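>>> Sequence first, then the predicted structure:
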Amino acid sequence: MKAFAIDRYKSKDGGRIVDMPQPEVGDDDVLVQIHTAGVNLLDAKIADGEFKIFLPYRIPLVLGNDVAGVVVEVGARVRRFKPGDEVYARPDKNRIGTFAEFIAMNEADVAIKPTHLSMEETASIPLVGLTAWQALVEMAELKPGQKVFIQAGTGGVGTFAIQLAKHLGATVATTASAANFEMVKALGADVLIDYKTEDFESILHGYDVVLHSQDSKTLDKSLRVLKPGGTLISISGPPDPAFADEIGVPWYVKSIMRVLSFGARRKAKRLNVKFSFLFMRANGDQLSQITTLIDQGVIRPVVERVFPFESTQDALDFVERGRAKGKVVVNVK
């Protein structure tokens with residue numbers, strides 16, 4: 001099969017399309033013919049080796065963390081899916097590789113695609129949708145009447161998280177350029193902050209939750225907009241010891257994560273707020289709940305561009321520049 005892979009980390013030439021063996025199908029797996037694949041900043045960070053301390057992938061590595069396609073084969077123990085089913089997923093972190101013609105995934109990580117979405121729209125959902133769900137529903141337990149600050153409102157996670165938070169009954173603040181205010185307002189944002197001209201710390205006070213996706217300087221300021229007992233959930237780091245326990249890394253890796261997150265955890269403790277790191281995990285059941293919201297019209301995907309498969313590196317470069325509004329997708333089939 002054709003696949004987009006990297007031969008080494010931090011390659012100046014990026015990845016290339018190569019011939020790879022078709023994945024083997026385990027007893028609990030579904031083999032999916034990939035139609036479209038979402039492109040995420042995570043893909044670029046993996047290619048740069050940022051996560052190799054706890055995600056030691058083998059090289060050559062096929063990138064890609066979002067998939068929409070059709071089931072073509074199922075393992076002996078699979079009961080939820082059959083050949084011909086249109087599905088979507090975020091593969092398990094140890095089985096990524098959606099920039100390819102086929103992928104095998106555990107059926108527990110897969111869901112039936114939303115009824116009325118195109119394959120391009122569907123592939124834009126899994127990673128950002130599950131990130132927002134696990135941050136706001138699972139970790140923060142966001143409730144009606146609470147206030148949440150979602151950074152980078154026009155980004156992939158931001159566009160989804162704003163809609164989900166609004167559905168949950170929260171007051172939503174976000175950052176964007178003034179030129180994109182109408183876009184994030186249409187998604188449900190209540191408080192709009194122009195990151196080019198305004199300081200969110202001087203505007204936001206007493207927030208219950210912050211979904212942090214920016215740098216360490218922004219993290220420090222974000223901790224201070226929380227009310228006592230509030231929660232900051234970071235998807236951009238630093239990883240903390242709780243995350244190390246969750247993924248079962250060796251003791252020395254946990255020690256490194258403890259050191260990396262020490263400053264953030266100490267500042268949070270001084271302010272009587274909570275700091276947590278989230279590295280989203282695959283979950284087909286949660287994705288099915290997201291499907292219900294999409295089918296009900298509660299959440300709509302935001303896709304800026306669709307690239308052909310042969311331009312996958314261009315798609316990655318576009319995402320890495322950080323100016324995409326919503327998601328970027330690669331059309332594999």
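Looks like it came in fine. What you see is a predicted model, and the numbers here were worked out from it, not measured in a lab. Numbers count the residues shown, from 1 in each chain.

>>> Pull the contacting residues for L31.
By CB atoms under 8 Å, 6 or more residues apart in numbering, L31 lies in contact with Q22, P23, V25, V71, V72, E73, V74, F102, I103, A104. All C-beta atoms are positioned from the backbone trio N, CA, C, and that covers glycine.

>>> Longest helix in the chain, please.
In the chain, with assignment by DSSP state H, the single longest helix is helix 251-270.

>>> list the buried ones in that helix?
For helix 251-270, the neighbour count (16 or more other CB atoms under 10 Å) marks K254, I256, M257, L260, S261, A264, R265, K267, A268 as buried.

>>> Mean pLDDT per helix and strand in the chain: which one sits at the bottom?
The helix or strand of the chain with the lowest confidence, counting by mean pLDDT, DSSP states H and E, is helix 241-247 at a mean of 91.

>>> what's in contact with that helix?
With CB under 8 Å, 6+ apart as the criterion, helix 241-247 contacts F54, V253, K254, M257, R258, S261, S276, F277, L278, F279.

>>> okay if I get those as CSV plus pLDDT?
What follows is those, written out as CSV (pLDDT from 0 to 100):
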residue, pLDDT
F54, 83
V253, 90
K254, 93
M257, 93
R258, 94
S261, 95
S276, 97
F277, 96
L278, 97
F279, 95
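
>>> Break down the chain into its helices, ranges please.
Counting by DSSP H, the helices of the chain are 41-47, 119-123, 126-133, 156-167, 181-187, 216-225, 241-247, 251-270, 284-295, 312-320.

>>> Which secondary structure elements does the third one sit against?
Counting contacts by 3 or more CB pairs under 8 Å, 6 or more residues apart in numbering; DSSP states H and E, helix 126-133 is packed against strand 29-39, helix 156-167, helix 284-295.

>>> how about a markdown table for those, with mean pLDDT and distance to F200 added?
Shown next, in a markdown table, are those (pLDDT from 0 to 100; distance: least, CB to CB, whole Å):
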| stretch | mean pLDDT | distance to F200 |
| --- | --- | --- |
| strand 29-39 | 98 | 28 |
| helix 156-167 | 98 | 14 |
| helix 284-295 | 98 | 28 |
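
>>> Now distance to R79 too, for the helices of the chain, in TSV please.
Formatted as TSV, these follow (distance: least, CB to CB, whole Å):
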stretch	distance to R79
helix 41-47	30
helix 119-123	23
helix 126-133	21
helix 156-167	29
helix 181-187	37
helix 216-225	43
helix 241-247	28
helix 251-270	36
helix 284-295	13
helix 312-320	34
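
>>> Looking at the ones you listed, spot the one closest to V302.
Evaluated with CB to CB, the helices of the chain place helix 156-167 nearest to V302, the distance being 4.3 Å.

>>> Can you give the distance of that closest one from its chain's centre?
The chain centroid and the centroid of helix 156-167 are separated by 12 Å, computed with CA atoms, centre = their mean, to the nearest Å.

>>> tell me the contacts of K166?
Counting by CB under 8 Å, 6+ apart, K166 has contacts V172, L187, G188, A189.

>>> Number of residues surrounding K82?
Counted with other CB atoms under 10 Å, the neighbours of K82 add up to 11.

>>> now for the buried residues of helix 251-270, which pair is the farthest apart?
K254 and K267 (20.6 Å).

>>> just to revisit the earlier point, top of the contacts of L31 by neighbour count?
Neighbour-wise, the contacts of L31 (other CB under 10 Å) top out at I103, 27 neighbours.

>>> That residue bridge partners, please.
Taking DSSP bridges as the rule, I103 bridges to V32.

>>> ok, which stretches of the stretch 1-150 of the chain are strands?
Ranges of strands within the stretch 1-150 of the chain are 2-6, 16-19, 29-39, 61-62, 67-74, 86-89, 102-106, 110-112, 147-150, based on DSSP state E, counting those that start in this stretch.

>>> Export these as CSV, with columns for distance to S118.
Formatted as CSV, the strands of the stretch 1-150 of the chain follow (distance: least, CB to CB, whole Å):
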stretch, distance to S118
strand 2-6, 21
strand 16-19, 24
strand 29-39, 8
strand 61-62, 24
strand 67-74, 9
strand 86-89, 11
strand 102-106, 19
strand 110-112, 15
strand 147-150, 26
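
>>> Of those strands, which is nearest P228?
Nearest of the strands of the stretch 1-150 of the chain (CB to CB): strand 147-150, 13.7 Å.
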